[in-house]
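**Q** Task: produce atomic coordinates for the following.
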Amino acid sequence: MLVTFNFNVPPTLVFGVDTVNQTGQYVKKLGGKRAFIVTDPGVAKAGILEKVIDILKSDGIEVGYYDQVIPEPPENIVDEIVDKVKEGGYEVIIGLGGGSSMDTAKMVAVLVTNGGRVRDYIGIGKVPKPGLPKIMIPTTSGTGSEVTQIAIFALLEEEVKKGVVSPYLLAEVAIVDPALTYNLPPNITASTGMDALVHAIEAYLSRRANKFTDGLALMAMELIAKNIRTAVTDGMNTEARYNMSLGSLIAGIAFGNSSTGAVHALAYPLGGQFRIPHGVANTLMLPYVMEYNLVSRMERFVKIAEALGEKVDGLPVREAAFKAIDAMVNIAKDIGVPMRLRDVNIPKEAIPKMAAAAINETRLLSQNPRVLTLKDIEDIYNKAW
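**A** Residues are numbered from 1 along each chain as shown. Modelled structure (predicted):
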């Protein structure tokens, strides 16, 4: 098949240990003298916020910050930060943290120049003009938000998570420093690492997958599968942390240029209605969605199994394909990520409401390799319960 595709990444990608020390230089290259950092309490408590502030000040950059971003960020937090940025006349926005902080930072940057609220831009291509320059610095190995043109938010009244997709959300600079992840707790390392693995798998199975994203997705799967157990159990293993950061980055580029699918679509209601962390929600749904999708992409499932370290030589295609699911389940069990909805206290009675929300995630479901009906989604949730 002769596929036409676009490939979008930040103009500048900086990767490596201690590369965060270059942050001030990149603020200056973007024409800024005043930078505003968007982050969360955990990053602040870990001393990473103070470290970045000191780096910026040493380069003569004036700094403001907001350190109260929460998981599954609601609109009102974004509104609050936009007001602070406008009042302070800040010129560059820095997202420092996990996906929630980076998504918030990206949205703040475009709202400062475009006006309105998050909900005004839900969907694809609705942001009319560029925002302030943005630098994204992840402190986890999971979300890939530093290299995507997507930002996800919780709409509290509706109890749903929705996405804004725009090329204007793509950062001008992404700085990925594995050293920022060294002190990440095991449970966060596990859930964010599984998030990155889901990104790679869904990118490879997406209807929008192409030769570029295929190679990246398989490389990311291999890196993550080989290193996630060590990163969780021995957090100061610098090689494992390095490879997890690299795998997460590559997975982010892959899904940012193909798509995620039904795993994310079915995970969103878990976050929107029950505040389940995104990486955990994706892990909960992955094996059951993979089982549903397997018949539509058996040869690709065999490649996934190989990338995850399974031996498939000599096996019938169907048996080899199921090895991909076995490998993913074994990784999740080994690192202690929940595998059942009931394990995170989601009642079975909630399934119809979750399914009704998931079926409306058409942006994601349209890229899934196999079509899902409302009944299919309910069946998957029931299997996951």
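**Q** so residue 36 touches residue 84, yeah?
**A** Yes: with contact defined as C-beta atoms under 8 Å, residue 36 reaches residue 84; the gap is 7.2 Å. (Glycine included, C-beta is placed from N, CA and C.)
**Q** who touches both of those two?
**A** Here residue 36 and residue 84 have 64, 66 as joint contacts, going by C-beta atoms under 8 Å, 6 or more residues apart in numbering.
**Q** Settle it for me: which of these two has more neighbours?
**A** residue 36 (25 against 15; other C-beta atoms under 10 Å).
**Q** tell me the SS of the more buried one?
**A** strand (DSSP: H, G, I helix; E, B strand; the rest coil).
**Q** neighbours of the spatially closest residue to it that is not a sequence neighbour, just the number please.
**A** Closest residue to residue 36 apart from its sequence neighbours, by C-beta to C-beta, 6 or more residues apart in numbering: residue 90 at 3.9 Å. Applying other C-beta under 10 Å, we find 24 residues neighbouring residue 90.
**Q** three-state assignment of residue 90?
**A** coil.
**Q** In a strand, residue 154, correct?
**A** Yes: assessed by three-state DSSP, residue 154 belongs to a strand.
**Q** That one and residue 271 touch, don't they?
**A** Yes: between residue 154 and residue 271 there is a contact at 7.0 Å, judged by C-beta under 8 Å.
**Q** I'd like to know which helix or strand in this protein has the lowest mean pLDDT.
**A** strand 160-165 (a mean of 85; mean pLDDT, DSSP states H and E).
**Q** Quick one: name whatever helix or strand follows that one.
**A** Using DSSP states H and E, the helix or strand that follows strand 160-165 in sequence is strand 173-176.
**Q** If you count neighbours, what's buried in that next one?
**A** By neighbour count on 16 or more other C-beta atoms under 10 Å, the buried set for strand 173-176 is 173, 174, 175, 176.
**Q** Determine which two of those residues are furthest apart.
**A** Across the buried residues of strand 173-176, no pair lies farther apart than 173 and 176, at 10.6 Å, counting by C-beta to C-beta.
**Q** Which residues are in contact with each of those two?
**A** Counting by C-beta under 8 Å, 6+ apart, the residues touching both residue 173 and residue 176 are residue 14.
**Q** list the buried ones in stretch 376-385?
**A** 377, 378, 379, 380, 381, 384, 385.
**Q** tell me the secondary structure for the residue in the chain sticking out farthest from the centre?
**A** Here the chain reaches farthest from its C-alpha mean at residue 314, the gap being 35.5 Å by C-alpha atoms, centre = their mean. Per three-state DSSP, the secondary structure class of residue 314 is coil.
**Q** contacting residues around it?
**A** Here residue 314 is in contact with no residue (C-beta under 8 Å, 6+ apart).
**Q** low-scoring pLDDT stretches of the protein, where are they?
**A** Low-confidence segments of the chain (pLDDT under 70): 1.
**Q** residue boundaries of the strands in it?
**A** If DSSP state E is used as the criterion, the strands of the chain fall at 12-15, 34-38, 62-66, 92-97, 123-124, 134-138, 150-155, 160-165, 173-176.
**Q** Adding distance to residue 224, write the ones you listed out as CSV.
**A** Below are these laid out as CSV (distance: least, C-beta to C-beta, whole Å):
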stretch, distance to residue 224
strand 12-15, 16
strand 34-38, 26
strand 62-66, 31
strand 92-97, 20
strand 123-124, 28
strand 134-138, 15
strand 150-155, 20
strand 160-165, 23
strand 173-176, 15
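**Q** and stretch 180-200, how far from the chain's centre?
**A** Here stretch 180-200 is found 10 Å from its chain centre; the criterion is C-alpha atoms, centre = their mean, to the nearest Å.
**Q** Please disregard the earlier target; I meant stretch 344-351.
**A** 24 Å.
**Q** Now do the end-to-end distance for that stretch.
**A** 14 Å (C-alpha to C-alpha, to the nearest Å).
**Q** Same question for that stretch: list its buried residues.
**A** For stretch 344-351, a neighbour-count test (16+ other C-beta under 10 Å) marks 344, 346, 350, 351 as buried.
**Q** likewise stretch 176-183?
**A** 176, 177, 178, 179, 180, 181.
**Q** Grab the two from those residues that are most spread out in space.
**A** Applying C-beta to C-beta across these, the maximum distance is between 176 and 179, 10.3 Å.
**Q** And the helices in the stretch 101-250 of the chain?
**A** Using DSSP state H, counting those that start in this stretch, the helices of the stretch 101-250 of the chain run over residues 186-205, 211-233, 238-256.
**Q** ok, back up a step: just the buried residues of stretch 376-385 now: which is nearest residue 50?
**A** If you rank the buried residues of stretch 376-385 by distance to residue 50 using C-beta to C-beta, residue 384 comes first, at 40.8 Å.
**Q** OK, contacts around that closest one?
**A** Here residue 384 is in contact with 284, 285, 288, 340, 341 (C-beta under 8 Å, 6+ apart).
**Q** For ChimeraX, write a command that selects the buried ones of those residues.
**A** To isolate the buried members of those in ChimeraX, using 16+ other C-beta under 10 Å:
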select :284,285,288,341
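**Q** Residues touching stretch 292-301, excluding its own?
**A** 204-205, 261-262, 290, 317-318, 320-322, 324-325, 368-370, 372, 376, 380.
**Q** Now with 6 Å, please.
**A** Contacts to stretch 292-301, defined as C-beta atoms under 6 Å, 6 or more residues apart in numbering, come from residues 205, 317, 321, 324, 369, 370, 380.
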